[in-house]
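Asks: What follows is a predicted structure for the sequence shown.
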There are 2 protein chains.
Amino acid sequence: MPNFRLTLSYDGSRYNGWQRQGNTPNTIQEKLETALGRILEQGVDAAGSGRTDAGVHARMQTVSFRAKTDMSAEEILALLRRYLPEDIGAEALSEAPPRFHARLSCTGKSYLYRVWNSGAPCVFDRKYVLRVPEPLDIEAMRAASAALCGEHDFAAFAIVRGKKSTVRRIDGIEIFREGPEVRFLLSGNGFLYNMARIITGTLLEVGRGHVDAEEISAILASRDRRRAGPTAEAKGLCLWETRYE
Amino acid sequence: MPNFRLTLSYDGSRYNGWQRQGNTPNTIQEKLETALGRILEQGVDAAGSGRTDAGVHARMQTVSFRAKTDMSAEEILALLRRYLPEDIGAEALSEAPPRFHARLSCTGKSYLYRVWNSGAPCVFDRKYVLRVPEPLDIEAMRAASAALCGEHDFAAFAIVRGKKSTVRRIDGIEIFREGPEVRFLLSGNGFLYNMARIITGTLLEVGRGHVDAEEISAILASRDRRRAGPTAEAKGLCLWETRYE
């Protein structure tokens, strides 16, 4: 049965996140599986590289699925572009090796968090940025982020559900100004539930001068969610890249 | 009575254009005048540099209004940013010379039209671009646009209402690729109703090879709206700049 690899982009504004869930309507996975079901005339299970929360966007979400079909990837892609709503984009589709799996084969991901750091309005970007008009200390945020890089137990920076390992590796956090914005590009081998948003929310507290950069190591060691900063709003976050060997 | 000059941006998607009109709800002028009325506690007439059609956006719309007030421009601006909906942005406000009027003093304008010229999806830009997946001949469109530059009677490229002059001066039409987009930047001393959209719609017909670039002069001379191309969709258009002496 052919295996496919799909690259999706989406504006998460009006969705309840990636993952199909019992009675919760309007998830991206459900929209995709419905479109694939119509095109391929069979039930299709689409695996994403990972979940994205309600309201989070994706520039590059990778998805894999298997289907019994004689249609080429090109034909399926053309139909997907016709059937998907205009806030979910089928960027690319190709046949994949039989063992490729979007979640299990994923070796790394990057998330971009956009902060509108200006008193001026952000009319055209309003659905994709968090507004923080106060001055932000970039150097302090960079110092704080250094303490998060490497392999750590990120329990303090996540909503922990179940008993799975909370150890992850952060490969880098780039923080830079881009016009009126401050952007955070977080790369790692995987992210726990809410982790990218809690890390950003905590770094913003450092940027505002409410938390010392030196405290980050102690917060990490505490494994206590209450010691980290608030969860930054979903709409500023975008799944930027998914990496495979 | 102090005179003010305001720079606005807006996402026109959900509005019935700039101009307040009898019973038509949801115009940008009405939203602005309501906000100014609350702030200044008096009726305010806000004059725009010109109308924008329903669905057309603005990066820089200039507005003037007079009001009896002791409040500083800075105070009014801060309140406007609080009272205006998030798809209308108060970019700047200053006191203006007594004779300044956003429409009468305006010496030139530029409109940007964005065309998504790719088969790929345009998830994040979908409200701001027209999709044209077919190849477009940029050189042919540039040749056609040359015939439109200068002072002409643009009756063929406008919806003509009333008996006012239909002579306008186009100072330049730049056509360029920008990533997956083709952009049209139209500059002139003024634009008739639908003129920017009809010019773009006609140039796109040239780009597709349906109309010869050499026909443009004859279409212009005909003063016959039926000879020009279709009116390009509102959502691709943005009032880019308004100029004053």
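Replies: Looks like it arrived, so ask away.
Asks: quick one: the residue in chain A sticking out farthest from the centre and residue A:64, what's the gap?
Replies: Distance from the C-alpha centroid of chain A, by C-alpha atoms, centre = their mean, peaks at residue A:70 (32.8 Å). The spacing between residue A:70 and residue A:64, counted by C-beta to C-beta, to the nearest Å, is 19 Å. C-beta: built from backbone N, CA, C; applies to glycine.
Asks: quick one: residue A:182 is in a strand?
Replies: Yes. Counting by DSSP: H, G, I helix; E, B strand; the rest coil, residue A:182 is located in a strand.
Asks: Check the gap between it and chain B for me.
Replies: Relative to chain B, residue A:182 is positioned 19 Å away (criterion: C-beta to the nearest C-beta, to the nearest Å).
Asks: ok, what's across the strand from that residue?
Replies: Going by DSSP bridges, residue A:182 is paired in beta bridges with residue A:115, residue A:177.
Asks: Find me the pLDDT at it, would you?
Replies: Here, the pLDDT recorded for residue A:182 equals 98.
Asks: Hmm, it is touching residue A:129, no?
Replies: No. Residue A:182 sits out of contact with residue A:129 when judged by C-beta atoms under 8 Å, with a separation of 9.8 Å.
Asks: which of the two has more neighbours?
Replies: Regarding residue A:182 and residue A:129, a neighbour count based on other C-beta atoms under 10 Å in any protein chain shown identifies residue A:182 as having more, with 24 against 21.
Asks: Contacts only, for that one.
Replies: Contacts here follow C-beta atoms under 8 Å, 6 or more residues apart in numbering or on different chains; on that basis residue A:182 touches A:115, A:117, A:132, A:136, A:138, A:175-176, A:207.
Asks: please redo it, this time with the cut-off set to 10 Å
Replies: When contacts are counted by C-beta atoms under 10 Å, 6 or more residues apart in numbering or on different chains, residue A:182 touches A:113-118, A:129-130, A:132, A:136, A:138, A:141, A:175-176, A:203-204, A:207.
Asks: In strands only, show me the residues you listed.
Replies: With DSSP state E as the criterion, strands contain A:113-116, A:130, A:175-176 from among the contacts of residue A:182.
Asks: Buried only: go through those for me.
Replies: Buried subset of these (neighbour count, 16 or more other C-beta atoms under 10 Å in any protein chain shown): A:113-116, A:130, A:175.
Asks: Which pair of those residues spans the longest distance?
Replies: Based on C-beta to C-beta, the longest span within these runs between A:116 and A:175 and measures 14.9 Å.
Asks: Report the separation between residue A:76 and chain B.
Replies: Distance check for residue A:76 against chain B: by C-beta to the nearest C-beta, it reads 14 Å.
Asks: tell me which element that residue falls in.
Replies: Of the helices and strands defined by DSSP states H and E, residue A:76 is found in helix A:73-83.
Asks: Contacts for that helix, please.
Replies: So helix A:73-83 is contacted by A:2, A:4-8, A:31-32, A:34-40, A:65, A:67, A:69, A:71-72, A:88-96, B:119-121, B:133 (C-beta under 10 Å, 6+ apart).
Asks: Can you name the next helix or strand after the helix or strand containing residue A:200?
Replies: Element membership for residue A:200 (DSSP H and E) is helix A:195-207. Going down the chain from helix A:195-207, the next helix or strand is helix A:216-222, by DSSP H and E.
Asks: Can you list the helices and strands that that next one packs against?
Replies: In terms of contacts (3 or more C-beta pairs under 10 Å, 6 or more residues apart in numbering or on different chains; DSSP states H and E), helix A:216-222 is packed against helix A:138-146, strand A:150-153, helix A:195-207.
Asks: okay, the angle between the longest one and helix A:138-146?
Replies: Using axes from the mean of the first three to the mean of the last three C-alpha atoms, to 10 degrees, one finds that helix A:195-207 and helix A:138-146 are set 140 degrees apart in direction.
Asks: burial of residue A:157, as a residue count?
Replies: Counted with other C-beta under 10 Å, the burial measure for residue A:157 works out to 31 neighbours.
Asks: remind me which residues of chain A are low pLDDT?
Replies: Using pLDDT under 70 as the threshold, the predicted model of chain A has no low-confidence range.
Asks: so what are the domain limits for it?
Replies: Listed domain ranges for chain A are A:3-96, A:106-244 (source: automatic domain parsing).
Asks: so residue A:161 makes contact with residue A:192?
Replies: Yes. Between residue A:161 and residue A:192 there is a contact at 9.0 Å, judged by C-beta atoms under 10 Å.
Asks: Which one's more surrounded, the two?
Replies: residue A:192 (19 against 8).
Asks: ok, the more buried one - contacts?
Replies: Shown here is residue A:192, whose contacts under the criterion C-beta under 10 Å, 6+ apart are A:154-155, A:157-161, A:164-168, A:198.
Asks: ok now stretch A:144-162, how far from the chain's centre?
Replies: Relative to the centre of its chain, stretch A:144-162 is centred 16 Å away, using C-alpha atoms, centre = their mean, to the nearest Å.
Asks: Show me just the buried residues among the contacts of helix A:73-83.
Replies: Using 16+ other C-beta under 10 Å as the threshold, A:2, A:4-8, A:31-32, A:35-36, A:39-40, A:65, A:67, A:69, A:88-91, A:93, A:96, B:121 are the buried ones among these.
Asks: Tell me the spacing between residue A:33 and chain B.
Replies: From residue A:33 over to chain B (counting by C-beta to the nearest C-beta), the distance is 18 Å.
Asks: my guess is that residue is in a strand, correct?
Replies: No. With three-state DSSP as the criterion, residue A:33 is helix rather than part of a strand.
Asks: Dump stretch A:206-222 to CSV, restricted to CA.
Replies: Taking C-alpha atoms only, stretch A:206-222 is exported to CSV below (Å, rounded to 0.1, in the frame of the first residue of the first chain):
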residue,chain,number,x,y,z
VAL,A,206,12.8,38.1,31.5
GLY,A,207,12.7,40.6,28.6
ARG,A,208,10.3,42.8,30.7
GLY,A,209,12.7,42.6,33.7
HIS,A,210,10.2,40.7,35.9
VAL,A,211,12.4,37.6,36.0
ASP,A,212,16.2,37.4,36.2
ALA,A,213,18.0,35.4,33.5
GLU,A,214,19.9,33.6,36.2
GLU,A,215,16.7,32.1,37.7
ILE,A,216,16.0,30.0,34.6
SER,A,217,18.3,27.1,35.7
ALA,A,218,16.6,26.9,39.0
ILE,A,219,13.1,27.0,37.4
LEU,A,220,14.2,24.2,35.1
ALA,A,221,15.6,22.1,38.0
SER,A,222,12.4,22.6,40.1
